[in-house]
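Engineer: got a structure for you, letters missing:
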């Protein structure tokens with residue numbers, strides 16, 4: 001397949017970090033173009049990391065290509081078999097059924113390949129000679145639930161999903177190997193009373209109280225709505241009711257999310273990073289459950305433990321680093337976002353319009369810029385990960401490079417007088 005970049009017209013969709021293009025003469029697929037921009041706090045593109053457009057596309061292409069190869073799943077099976085922290089029952093559940101199928105024929109993804117930036121040739125396996133920011137994927141329809149009102153409550157009706165096929169499942173699947181200080185599930189847990197915490201622990205499937213920077217004895221899964229104005233955490237029971245899948249398909253998709261997370265975990269361990277959580281999206285295609293959407297360093301939380309000045313810090317190699325930057329360096333802007341989100345939830349509308357209106361009135365601070373020095377540190381991190389994915393650098397060398405970039409970030413906060421605040425949210429006592 002050849003898709004000359006000059007053939008692509010205006011994107012039919014342009015998001016904060018991705019553009020989608022139709023392919024002339026082929027309605028089955030589309031071209032996804034990642035950008036160097038980044039988005040946090042759901043407010044759109046806030047920053048740009050040079051080269052990150054290609055970095056993200058490379059990660060996506062290499063990982064999705066490997067997921068179609070049974071060899072990857074054999075390594076996942078071996079890792080699960082050797083994971084001594086798992087109970088025998090949990091290990092057996094992961095090893096049987098879905099994983100056996102992946103070990104035979106690979107996982108099904110929507111990925112078709114990467115576009116060569118010069119020739120337009122689509123590489124299905126291996127990175128093209130001229131790596132680009134464009135990948136080719138199969139298209140699936142986006143169905144959205146119907147909104148309805150009941151006594152002032154804003155509700156969403158998912159009744160049409162089970163009657164359709166070839167659609168993106170209206171859930172985000174989150175798999176957690178551990179609990180970070182900034183994770184939504186930990187924040188929700190801390191706000192609960194003791195009785196509610198016990199019930200929540202049971203819902204998550206954990207056997208002891210949650211603590212920040214605690215690696216769990218087994219991965220846990222939780223779910224959020226995907227096509228509502230605000231992401232909403234839903235129980236497993238609600239997830240199976242709203243997803244549009246039958247029971248067996250839902251269980252298969254949930255298992256695939258855990259197994260896909262394990263595949264990324266194995267990959268990251270080679271470069272000294274610890275995977276804490278990751279999100280996936282799926283599509284229903286007949287009897288197949290298909291991995292879809294972007295997958296790159298913005299889709300998961302990976303960290304390394306680094307020591308500086310006699311203290312142990314958690315350093316992030318994903319956009320959590322940017323979230324922390326805005327939280328520590330521009331707390332007044334973060335406070336404005338919280339107010340706008342609360343108003344948006346109360347009114348059942350997108351909060352970004354409320355935020356902008358408040359900024360235009362002068363009630364909220366303007367959206368801040370990012371210090372170029374901090375951006376340069378993030379670029380170093382992402383470039384090292386790209387080189388590893390391309391096979392240009394081996395794991396041990398990448399591990400050293402990532403550690404050096406992380407220490408630069410810690411010293412950045414030290415120079416800014418924010419090291420104690422950074423340790424408060426990313427310190428290990």
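Structural biologist: Looks like it came in fine. Since this is a predicted model, take the numbers as computed values, not measurements.
Engineer: okay, CA-based contacts and neighbour counts for the rest of this
Structural biologist: Will do.
Engineer: three-state assignment of residue 219?
Structural biologist: The assignment at residue 219 comes out as strand when based on DSSP: H, G, I helix; E, B strand; the rest coil.
Engineer: check contacts around it.
Structural biologist: By C-alpha atoms under 8 Å, 6 or more residues apart in numbering, the residues touching residue 219 are 175-178, 258.
Engineer: how far away is it from residue 205?
Structural biologist: In this structure, residue 219 and residue 205 are 9 Å apart, going by C-alpha to C-alpha, to the nearest Å.
Engineer: just residue 371 next, same as before
Structural biologist: Distance from residue 371 to residue 205, by C-alpha to C-alpha: 41 Å.
Engineer: same thing with residue 358?
Structural biologist: Here residue 358 is placed at a distance of 41 Å from residue 205 (C-alpha to C-alpha).
Engineer: tell me the pLDDT at residue 14?
Structural biologist: Here the pLDDT value assigned to residue 14 is 86.
Engineer: and for the one 4 residues further on?
Structural biologist: Residue 18 carries a pLDDT value of 87.
Engineer: quick one, phi psi at it?
Structural biologist: Main-chain dihedrals, residue 18, degrees, to the nearest 10: phi -150, psi 140.
Engineer: surely it meets residue 33?
Structural biologist: Yes - counting by C-alpha atoms under 8 Å, residue 18 does reach residue 33; the two are 5.6 Å apart.
Engineer: more neighbours, these two?
Structural biologist: Counted by other C-alpha atoms under 10 Å, residue 18 and residue 33 do not tie: residue 33 has more neighbours, with 22 against 19.
Engineer: quick check: closest non-adjacent residue to that one.
Structural biologist: Nearest-residue entry for residue 33: residue 134, 4.4 Å, with adjacent residues in sequence omitted and distances by C-alpha to C-alpha, 6 or more residues apart in numbering.
Engineer: residue 164 now?
Structural biologist: residue 244 (7.9 Å).
Engineer: what about the helices in this structure?
Structural biologist: With helices called from DSSP state H, the chain shows them at 52-67, 70-81, 88-95, 98-105, 184-190, 194-204, 236-242, 247-269, 320-329, 331-347, 351-361, 372-390, 395-415, 419-426.
Engineer: for the last one, which residues meet the burial criterion?
Structural biologist: This points to helix 419-426. For helix 419-426, a neighbour-count test (16 or more other C-alpha atoms under 10 Å) marks 419, 421-423, 425-426 as buried.
Engineer: what's the offset of it from the middle of its chain?
Structural biologist: Helix 419-426 sits 24 Å away from the centroid of its parent chain (C-alpha atoms, centre = their mean, to the nearest Å).
Engineer: what do you get for the second one?
Structural biologist: Taking C-alpha atoms, centre = their mean, the mean C-alpha location of helix 70-81 is offset from the chain mean by 22 Å.
Engineer: residue 140 and residue 388, how far apart?
Structural biologist: 31 Å.
Engineer: likewise residue 70?
Structural biologist: Taking C-alpha to C-alpha, one finds residue 70 at 21 Å from residue 388.
Engineer: which one of the two has more residues nearby?
Structural biologist: Higher neighbour count among residue 70 and residue 388: residue 388, with 22 against 19, using other C-alpha under 10 Å.
Engineer: give me the neighbour count for residue 394.
Structural biologist: By the criterion of other C-alpha under 10 Å, residue 394 has 14 neighbours.
Engineer: ok, residue 429 next?
Structural biologist: Using other C-alpha under 10 Å, residue 429 is surrounded by 8 other residues.
Engineer: kindly report the same for residue 51.
Structural biologist: Close neighbours of residue 51, defined as other C-alpha under 10 Å, add up to 16.
Engineer: the nearest residue to it once chain neighbours are set aside and residue 49, how far apart?
Structural biologist: Among residues not flanking residue 51 along the chain, residue 36 sits closest, at 6.3 Å (C-alpha to C-alpha, 6+ apart). Residue 36 sits 5 Å away from residue 49, going by C-alpha to C-alpha.
Engineer: starting at the chain centroid, how far to stretch 242-262?
Structural biologist: Stretch 242-262 has its average C-alpha position 17 Å from the chain's average C-alpha position, going by C-alpha atoms, centre = their mean.
Engineer: buried sites along that stretch?
Structural biologist: For stretch 242-262, the neighbour count (16+ other C-alpha under 10 Å) marks 242-245, 249-250, 252-262 as buried.
Engineer: next up, the contacts around the nearest residue to residue 65 once chain neighbours are set aside.
Structural biologist: Leaving aside its sequence neighbours, residue 65 sits nearest to residue 125 (C-alpha to C-alpha, 6+ apart; 6.2 Å). Taking C-alpha under 8 Å, 6+ apart as the criterion, residue 125 is in contact with 62, 65, 113.
Engineer: tell me, how many residues neighbour the last one?
Structural biologist: It stands for residue 113. 25.
Engineer: now do the second one
Structural biologist: Neighbour count of residue 65, defined by other C-alpha under 10 Å: 23.
Engineer: from residue 389, how far out is it?
Structural biologist: Going from residue 65 to residue 389 by C-alpha to C-alpha gives 12 Å.
Engineer: try residue 343
Structural biologist: Counting by C-alpha to C-alpha, the gap from residue 343 to residue 389 is 42 Å.
Engineer: any idea how far the residue nearest to residue 65 lies from residue 23?
Structural biologist: Going from residue 125 to residue 23 by C-alpha to C-alpha gives 20 Å.
Engineer: turn the contacts of residue 125 into TSV, including distance to residue 285 and pLDDT.
Structural biologist: As requested, the contacts of residue 125 are arranged in TSV below (distance: C-alpha to C-alpha, whole Å; pLDDT from 0 to 100):
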residue	distance to residue 285	pLDDT
62	23	95
65	19	95
113	19	96
